[in-house]
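Student: Return a 3D structure for these sequence lines:
(one chain, ligands or ions: 1)
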Amino acid sequence: MTREQTPRTLSPRYRIRKLTLADLSAVKALLVQSKTSPSSFCPTVDSGNQTIIAYQQYHAVDYLVRHAIKSNMSFGVFDTEYKYRYSSSIKTGGKLHWDENDIRASSKQLLHQIDFPLVSIALSHDAANPPDEDKVQWYLDIRPGYKQACAHLESLIPASARDGYRYALLGKVLMRKGSVTRGDYEGRGIMKGLALWLVWESKRCGYEVIEIPVSSAAVRRVWENLPPPCKVDVMAEYVIEDLEVCDERGKMERPFEGIQTEICQLRINL
Ligand SMILES: CC(C)(COP(=O)(O)OP(=O)(O)OC[C@H]1O[C@@H](n2cnc3c(N)ncnc32)[C@H](O)[C@@H]1OP(=O)(O)O)[C@@H](O)C(=O)NCCC(=O)NCCS
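Tutor: Predicted coordinates for the structure are as follows:
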């Protein structure tokens, strides 16, 4: 589906459309910048210069974002009243103005320099066409805490949890990965509007199930309260501070003590 749409829950100012490779730079930048923001748990589990991490991840996430865009089920919300901050962005319909030598740029400055009308994204891939795990490692290795948190969530999902669902068949199970609304557009219901749109569009395309890992209370609230007939299963959940790992001496330790972010994997039966 390529035509632009606005679901009823979003102001007509915003348009939803399928992402294309022309959006690659904007999507990558929004995705990695969001992990430097105070509304993400990432800076709490991966300390260090968040700006350097964002620049590194911008390059490392290239494969993953291309894969999601090519999956044909990744969508973005565009602000039709967006005002460009830099005149040089106008000609190209948006431009990324990061200077990767500027390692002191704040999270806010990084956001300011992402000068595109794209304000929110929801990336997905088909469960039957997952990304190549080896090609994703570079991106994950840059944020070891985040990687550990994601791996632990997956390890909590019982082996039998996916029995009876058609994960191996194209067009049946959608794996949602990556929800971001840019910081200066948060709290306007944009992520929610896009989520409701995706549910509708997925059903229209014949999908039976959406699976989504969630690390934000706002995202969880939306996906756990979808209108009927959607039904939600919590496949696994934990609080980051409860994650236990074995240290070099074989002693169990909790490296993220004090971090109370809840992480869960939800399955929505559409
Ligand atoms: C999380 C994020 C995507 C939210 O985007 P957003 O566009 O601001 O979200 P919305 O405005 O659509 O959220 C609306 C819903 O979230 C709820 N919400 C907001 N903050 C909440 C909180 N702290 N706890 C519970 N619900 C919350 C709102 O009440 C609203 O639900 P309602 O209409 O049923 O009342 C955005 O803040 C972001 O990109 N953060 C950084 C990256 C990240 O954490 N991504 C999520 C990974 S799972």
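Student: Please count neighbours and contacts with C-alpha atoms only from this point.
Tutor: Noted.
Student: what's around Arg176, how many residues?
Tutor: Other residues lying near Arg176 total 22 when counted by other Cα atoms under 10 Å.
Student: that's a strand at it, yeah?
Tutor: Yes - using DSSP: H, G, I helix; E, B strand; the rest coil, the assignment for Arg176 is a strand.
Student: mind checking how far it is from Val232?
Tutor: Remark: distance between Arg176 and Val232 (Cα to Cα, to the nearest Å) = 14 Å.
Student: Also Leu64?
Tutor: Using Cα to Cα, one gets 26 Å for the distance from Leu64 to Val232.
Student: for the stretch 51-200 of the chain, what spans make up the helices?
Tutor: Assigned by DSSP state H, counting those that start in this stretch, the stretch 51-200 of the chain shows helices spanning 62-70, 107-112, 133-141, 144-156, 190-204.
Student: Can you redo those as TSV, where the extra columns are distance to the ligand?
Tutor: TSV is the format used below for these (distance: least, Cα to the nearest ligand atom, whole Å):
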stretch	distance to the ligand
helix 62-70	15
helix 107-112	11
helix 133-141	15
helix 144-156	11
helix 190-204	4
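Student: Same list (the ones you listed) but as CSV, adding mean neighbour count.
Tutor: Below are the helices of the stretch 51-200 of the chain laid out as CSV (neighbours: other Cα atoms under 10 Å):
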stretch, mean neighbour count
helix 62-70, 20
helix 107-112, 18
helix 133-141, 14
helix 144-156, 17
helix 190-204, 19
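Student: how about those helices in a markdown table, adding mean pLDDT?
Tutor: Putting these into a markdown table (pLDDT from 0 to 100) gives the following:
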| stretch | mean pLDDT |
| --- | --- |
| helix 62-70 | 98 |
| helix 107-112 | 97 |
| helix 133-141 | 94 |
| helix 144-156 | 94 |
| helix 190-204 | 95 |
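Student: Do I have it right that Leu270 meets Asp233?
Tutor: No - assessed by Cα atoms under 8 Å, Leu270 is found out of contact with Asp233, at 11.4 Å.
Student: Leaving out sequence neighbours, find the closest residue to Ala161.
Tutor: Once flanking residues are discounted, Ala161 sits nearest to Met235: 7.0 Å by Cα to Cα, 6 or more residues apart in numbering.
Student: Which residues outside stretch 213-220 are in contact with it?
Tutor: Stretch 213-220 is contacted from outside by 39-41, 176-177, 191-192, 261-266, using Cα atoms under 8 Å, 6 or more residues apart in numbering.
Student: Can you say which of the residues you listed are buried?
Tutor: With burial judged by 16 or more other Cα atoms under 10 Å, the buried subset of the contacts of stretch 213-220 is 41, 176-177, 191-192, 261-266.
Student: tell me the least confident of the residues you listed?
Tutor: Lowest model confidence among the buried ones among the contacts of stretch 213-220 falls on Phe41, which carries 90.
Student: For the closest residue to it other than its chain neighbours, what are phi and psi?
Tutor: Spatially, and ignoring its direct neighbours in sequence, Phe41 is nearest to Thr261 (6.8 Å; Cα to Cα, 6+ apart). Backbone torsions of Thr261, given as degrees, to the nearest 10, read phi -70, psi 130.
Student: where's Thr261 relative to Thr44, distance?
Tutor: From Thr261 across to Thr44, the span is 10 Å (Cα to Cα).
Student: Can you classify the residue nearest to Ala161 by secondary structure?
Tutor: For Met235, the assignment made with three-state DSSP gives strand.
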